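Enquirer: Fold the following for me, if possible:
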Amino acid sequence: MRSNSFSNILLIILGILSLILYGMAPQSYSYNYCIYLFLIFCVDVYIVYKERCKYTLVNFETFFTIAFAFVNYVYPMVFYQIDPYFSLFALDFPEDYINKGTAVATIAYTFLSLGLCKNKVQRCFIFSGYYDIGVNKYFTLYTNILIIAIIIALIPIMSSGTSNEWGVASYIRSILDVFVFYTLFQKLFMYRNMPFGKVFSNNRLFFVLVLAYALFASLIGNRGIVIRIGSMVVLLYSVLYKDIKKLYLVFLLIFGMVFMFLFGAIRDSGSLEGAVDNSVSVLSVGRDLTINNRSLYVLVDYADKNGVTYGQNFLSHLLSPIPFAQSTLLAITGWKVRDISSGNLVTDDYFDNTVTNRDSFGLGTNLVGDVYLAFGIIGVVLLFYLMGVVISNIYKKAQQGSALSLLTYSILFITAIIWTREAYFKPLQLVLWCLALYYLIEKKAVRRI
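Expert: Numbers count the residues shown, from 1 in each chain. The predicted model follows:
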């Protein structure tokens, strides 16, 4: 079924309007200009809510939109007025690109919304019949062994007080994440016709180890794993067990944001009192997300001055599913990492090679900026529309009963918040590796049976 044609027409008009405003972007910062762009964003959000969130807020659109607003609008409309040079914004950046960067972000979200609204949503998901997910009885054992191995590797890192340095654990971390998320999906999907508590009571060891891994990872600076594990549980509980009411989800989101902020602040300051003293206001809760707004301005500025890369900056994550493919490409071409990664480009754009410990410090990237760097404004229009269409189609197939589509959607859902701060193809590795696990382990087990 097609979505409401009026909504599509309105989104097309908003897309054209945002493109016109993009062409009229003032050279110096303009609060009123940013307000106009934000109003377009708000209308986009209303249309997406009306078309995609009528039955539930537990979906990609809700989580992605909240993160997108923080990453692209809060800084130019709030922090630039009251504290323009906090954190990484204290480093020099092209302030004359705030207007244009915000316009590019508005165009991106508008055409993403147009793609998302390609299909109408149903009230519920339909799963019936036999599914060969969870048939391999040894799979959980493999995951538990990997979790124990990485916890052992994390202990000396925690003891040293080093943050964000995984050491040898980094080599198995990516593989472990795939096993953890696939096993978590597997367990929740297998027990969908039983009481929710059965999932935990029948898999105590797995969930205890997952919680331990999440805690250890958080203590050394990786709060993302907690967000992703929690997000998958929330999504699959809503889809497979009982829908979460909208009001409950709002409270859950607020609690989650405050908790993760306080957790990080306490870890950094060493105590709750220190965390409170270092917090300027309630606005501090979203500051971590707004920092990547700086990368948007840097990337748009860089593309305008040096030309687009025609997708070369996508290669880092396009090749990430293939082991050693990135290093092999760099060895053959003689390129640097910055040539295939917008995140490294942003960092190198500020630091020179003489800075001590430069490789241990990164400034991050921005989803919109990554696409603009690759193909300019045309790329933003086309690739964000394509992104919306793909997500809409995957969700439609999942609602029609495709377990693999639900698995794929779950991976995209748990990356929704951090995706706004990452490269365009960031989720590709996790999606492909989870699907590979299914075909290599589950399908193979079915053939043996």
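Enquirer: And the contacts of stretch 319-329?
Expert: 315-316, 335, 340, 425, 428-429, 432-433 (CB atoms under 8 Å, 6 or more residues apart in numbering). Backbone N, C-alpha and C define where each C-beta goes, glycine included.
Enquirer: ok, now with 10 Å
Expert: Residues outside stretch 319-329 that contact it (CB atoms under 10 Å, 6 or more residues apart in numbering) are 174-175, 315-318, 330-331, 335, 337, 339-341, 423, 425-426, 428-433, 436.
Enquirer: Now, the residues you listed that are in helices?
Expert: Taking DSSP state H as the definition of helices, these contribute 174-175, 315-318, 330-331, 428-433, 436.
Enquirer: Selection in ChimeraX covering whichever of the residues you listed are buried, please.
Expert: Remark: buried members of these, expressed as a ChimeraX selection using 16 or more other CB atoms under 10 Å:
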select :315,316,317,318,330,428,429,430,431,432,433
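Enquirer: ok, so of the ones in helices among the contacts of stretch 319-329, who is nearest Phe60?
Expert: Val431 (13.1 Å; CB to CB).
Enquirer: quick one, what contacts the closest residue to the closest one other than its chain neighbours?
Expert: Counting by CB to CB, 6 or more residues apart in numbering, Val431 lies nearest to Ile411, which is 4.9 Å off, once chain neighbours are set aside. Residues in contact with Ile411 (CB under 10 Å, 6+ apart) are 178, 181-182, 185, 228, 232, 394, 427-435.
Enquirer: my read is Ile411 is in a helix, agree?
Expert: Yes: according to DSSP: H, G, I helix; E, B strand; the rest coil, the state of Ile411 is that of a helix.
Enquirer: Against Leu437, how distant is it?
Expert: Using CB to CB, to the nearest Å, we find Ile411 at a distance of 11 Å from Leu437.
Enquirer: any shared contact partners between those two?
Expert: 178, 181-182.
Enquirer: Sitting in helices, which of the residues you listed do you find?
Expert: Counting by DSSP H, the shared contacts of Ile411 and Leu437 place 178, 181-182 in helices.
Enquirer: Among those residues, which one sits closest to Asn293?
Expert: Closest to Asn293, out of all of those and judged by CB to CB, is Phe181, at 28.3 Å.
Enquirer: Report how many residues lie close to the closest one.
Expert: 24 (other CB atoms under 10 Å).
Enquirer: rewinding a little: report the separation between the residue nearest to Val431 and Leu57.
Expert: From Ile411 to Leu57 the distance is 19 Å (CB to CB).
Enquirer: likewise Leu437?
Expert: Distance from Leu437 to Leu57, by CB to CB: 30 Å.
Enquirer: and if you look at Ser5?
Expert: 24 Å.
Enquirer: same check, this time on Arg421
Expert: For Arg421, the distance to Leu57 - CB to CB - is 22 Å.
Enquirer: Same check on Val368?
Expert: Val368 is 23 Å from Leu57, by CB to CB.
Enquirer: The two: which is more packed in?
Expert: Higher neighbour count among Val368 and Leu57: Val368, with 30 against 22, using other CB under 10 Å.
Enquirer: got the buried residues for stretch 175-189?
Expert: Residues of stretch 175-189 classed as buried: 176-189 (neighbour count, 16+ other CB under 10 Å).
Enquirer: Would you mind finding the longest helix in the chain?
Expert: For the chain, assigning by DSSP H, the longest helix comes out as helix 367-399.
Enquirer: Now do it against helix 428-437, angle only.
Expert: Here the directions of helix 367-399 and helix 428-437 differ by 30 degrees (axes from the mean of the first three to the mean of the last three CA atoms, to 10 degrees).
Enquirer: what's helix 367-399 packed up against?
Expert: helix 5-23, helix 31-52, helix 60-69, helix 98-116, helix 293-306, helix 342-350, helix 403-414, helix 416-419 (3 or more CB pairs under 10 Å, 6 or more residues apart in numbering; DSSP states H and E).
Enquirer: counting contacts, what elements does the longest one pack onto?
Expert: In this case it means helix 31-52. Under the contact criterion of 3+ CB pairs under 10 Å, 6+ apart, helix 31-52 touches helix 5-23, helix 60-69, helix 80-82, helix 98-116, helix 367-399.
Enquirer: For that helix, list every residue counted as buried.
Expert: 33-34, 36-38, 40-41, 43-45, 47-48, 51-52.
Enquirer: The first one now?
Expert: Neighbour counts using 16+ other CB under 10 Å place 7-8, 10-11, 14-15, 17-19, 21-22 of helix 5-23 among the buried residues.
Enquirer: Could you find the closest non-adjacent residue to Leu91?
Expert: Nearest to Leu91 is Tyr350, by CB to CB, 6+ apart, at 5.7 Å.
Enquirer: Just give the number of residues close to that neighbour.
Expert: 16.
Enquirer: With Ile98 instead?
Expert: Neighbours of Ile98 (other CB under 10 Å): 27.
Enquirer: Does Tyr213 touch Leu184 like I think?
Expert: No: at 11.5 Å, Tyr213 and Leu184 do not qualify as touching, with contact defined as CB atoms under 10 Å.
Enquirer: what touches both of those two?
Expert: With CB under 10 Å, 6+ apart as the test, Tyr213 and Leu184 both reach Ile229.
Enquirer: So, low pLDDT: which residues of the stretch 51-200 of the chain?
Expert: Scanning the stretch 51-200 of the chain for pLDDT under 70 picks out 129-130, 132, 134-135, 157-171.
Enquirer: before we move on, back to that, buried residues in the longest helix of the chain, which are they?
Expert: Neighbour-count burial for helix 367-399 [16+ other CB under 10 Å]: 367-377, 379-381, 383-385, 387-389, 391-392, 394-399.
Enquirer: Tell me where the stretch 251-400 of the chain is predicted with low confidence.
Expert: For the stretch 251-400 of the chain (pLDDT under 70), the answer is 260-286, 352-361.
Enquirer: redo that, cut-off 50
Expert: 280, 353-354, 356 (pLDDT under 50).
Enquirer: Pull up the gap between Tyr248 and Leu184, please.
Expert: Distance from Tyr248 to Leu184, by CB to CB: 21 Å.
Enquirer: brain fart, Phe324
Expert: Per CB to CB, Phe324 is found 28 Å from Leu184.
Enquirer: Please apply the same query to Gly379.
Expert: Counting by CB to CB, the gap from Gly379 to Leu184 is 34 Å.
Enquirer: just Leu14 next, same as before
Expert: On the measure of CB to CB, Leu14 and Leu184 end up 38 Å apart.
Enquirer: and the closest residue to Lys246 other than its chain neighbours, which of the three is it?
Expert: Nearest-residue entry for Lys246: Leu57, 5.0 Å, with adjacent residues in sequence omitted and distances by CB to CB, 6+ apart. When classified by three-state DSSP, Leu57 comes out as coil.
Enquirer: you'd agree Leu57 is up against Val121?
Expert: No: applying CB under 10 Å as the test, Leu57 and Val121 come out as separate, 11.9 Å apart.
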